[in-house]
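Visitor: sharing a sequence plus its predicted fold:
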Amino acid sequence: MSAILNGGIPPGLTARGIAKSFARPGAKPKVDPHKVLHEIGIEVGPGELVAITGPSGAGKSTFCRILAGLERPDAGTVTLAGRDLGAVPAGQRRVALMFESYALYPHLTVRGNALSPLQAPGGRLAPAEAQKRVDEVLELLEIRHLGERLPGALSGGQKQRVALARTLVQVPDLFLLDEPISHLDAKLRHKLRGEIRRRLSAQSAPSIWATPDGMEALSVGDRVVVLDQGRVEQVGTPEEIWQRPASARVARLLGDPPMNLIEGTLMRAADTLYVTRRDMRLALPPALAAAAARHGTDSIILGVRPDGISFAPAGAEGAVAAEIYSNEPFGKHAIVTIDLGALLAKVKTSMAAAAALGADGGIGRGVGITFPAEGLSLFDGATGRALAGT
Ligand SMILES: Nc1ncnc2c1ncn2[C@@H]1O[C@H](COP(=O)(O)OP(=O)(O)OP(=O)(O)O)[C@@H](O)[C@H]1O
């Protein structure tokens, strides 16, 4: 049976060509407006969780507000569960939106806030069923013991969990979570990422989770949309985005620490293609060399993940010379920052390897580094786009 319902409108969420500009401060509304969304399109299937990530100001919240009906797009269409939402006001969209600002009712207790959407017109449930659902969600978010408190007597992280509870109790056509766990401590964030994901995935509504934290997006999303400066940079599964970032911008957002991006020039000597930068000369593995040769540009950005770089003795054959800039132990691994000559790069290594760099972390000492034969990325130096075939 076709999944298309209602005269061609697909189930789930479909947004097409969403554009939005804002007037610049102090300027007349129609004079050189600031375009914050450039014809964005996404599809989220029933029961699918799509994470939207991008740096601050990328347009994530504006996009969420448009989907929720709180902001009007300049262009584009949104359809949800077989309905065109163009003329549907926010209150009738059946969207469970978790505001970044929480927007709690100050005169209602934690329990009252969590219950409120179930008591609103259209959200009614039998009182016992509503209470049961609220209890379950308050328990999940570890705030059941705060049920009788007013929002004014809560910490920022507790308020965020109340806002989350108010969203998760609903049975909407779309869940929209804008930075839902950003103000929680690391342990709770870790626990709730999995728990909320489980809960959302068990429902038939599509879900969107917006976060500036690229790793959070990879861990919660069935698919991930990377937004930058109001444009979709990449859409893919977490694995695709991690393994083949479409651009240096995407690579910069992912990883802890993110991929090192080393600007260099391609140079051919005999049968080997090298990436060169100052004194650095790195022979490219054959598959990358072939892709780089096909691309036909000399200006290149070499991407290497921090855990792909290894240390070698200074001056060792084939090693690139670097100087140790800092050495931070984190208990189970260490992050060593190296100076490649007006460029700092991060190396994620074992505590033992970091300790072997010398007393005081070896800071200021010259070392050699080697790059992995696999797992390197190449981006065009001018556009930042990944080279085809890399
Ligand atoms: N009402 C508004 N008037 C003018 N400019 C706005 C308005 N709302 C958002 N902007 C601008 O639009 C751009 C995108 O903002 P938005 O809040 O959507 O980004 P974001 O990706 O959600 O960022 P963050 O992760 O910091 O929340 C920013 O440059 C912001 O200053």
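Guide: Okay, I see it. Keep in mind it's a predicted model, so treat the numbers as computed, not measured. Numbering: from 1, shown residues only.

Visitor: switch to C-alpha atoms for all contacts and neighbour counts from now on
Guide: OK.

Visitor: so which residues on this protein come close to the ligand?
Guide: Phe22, Val36, Pro55, Ser56, Gly57, Ala58, Gly59, Lys60, Ser61, Thr62, Pro212 (C-alpha under 6 Å from any ligand atom).

Visitor: Ala130: which of the residues you listed is nearest?
Guide: Ser61 (29.3 Å; C-alpha to C-alpha).

Visitor: I'd like the residues of the chain next to the ligand as TSV, with neighbour count appended.
Guide: Shown next, in TSV, are these (neighbours: other C-alpha atoms under 10 Å):
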residue	neighbour count
Phe22	14
Val36	20
Pro55	19
Ser56	13
Gly57	14
Ala58	20
Gly59	23
Lys60	26
Ser61	19
Thr62	19
Pro212	21
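
Visitor: so which of these are in helices?
Guide: Those of the residues of the chain next to the ligand mapping onto helices are Lys60, Ser61, Thr62, per DSSP state H.

Visitor: wait, what's in contact with the last one?
Guide: Counting by C-alpha atoms under 8 Å, 6 or more residues apart in numbering, Thr62 touches Glu71.

Visitor: which among the residues of the chain next to the ligand gets closest to Ile324?
Guide: For those, the nearest to Ile324 is Pro55 (29.1 Å; C-alpha to C-alpha).

Visitor: right, and the closest one touches Ala251 too?
Guide: No: Pro55 is beyond contact range of Ala251, at 12.0 Å (criterion: C-alpha atoms under 8 Å).

Visitor: okay, now Asp360: neighbour count?
Guide: 10 (other C-alpha atoms under 10 Å).

Visitor: which of the three states applies to it?
Guide: helix (DSSP: H, G, I helix; E, B strand; the rest coil).

Visitor: ok, the residue nearest to Tyr274 when sequence neighbours are not counted - how many residues close by?
Guide: Nearest in space to Tyr274, with sequence neighbours left out and distances taken as C-alpha to C-alpha, 6 or more residues apart in numbering, is Ala283 at 4.4 Å. Burial of Ala283 is recorded as 20 neighbouring residues (other C-alpha under 10 Å).

Visitor: now do the one 3 residues further on
Guide: Close neighbours of Pro286, defined as other C-alpha under 10 Å, add up to 12.

Visitor: that one and the ligand: what is the separation?
Guide: Using C-alpha to the nearest ligand atom, to the nearest Å, Pro286 is found at 39 Å from the ligand.

Visitor: Leu273 versus that residue, what's the distance?
Guide: Applying C-alpha to C-alpha, to the nearest Å, the value for Pro286 to Leu273 is 8 Å.

Visitor: name the surrounding residues that touch the lengthiest helix in the chain.
Guide: Using DSSP H, we find that the single longest helix of the chain is helix 186-201. The contact list for helix 186-201 (C-alpha under 8 Å, 6+ apart) reads Gly47, Glu48, Leu49, Leu140, Leu141, Ile181, Ser182, Ser207, Glu216, Ser219, Val220.

Visitor: likewise for stretch 26-34?
Guide: Contacts for stretch 26-34 (C-alpha under 8 Å, 6+ apart): Ser21, Phe22, Ala23, Arg24.

Visitor: ok, stretch 149-166 next?
Guide: Here stretch 149-166 has contacts from 98-99, 102-110, 113-117, 134, 137-138, 141, 143, 180-181, 183-185, using C-alpha under 8 Å, 6+ apart.
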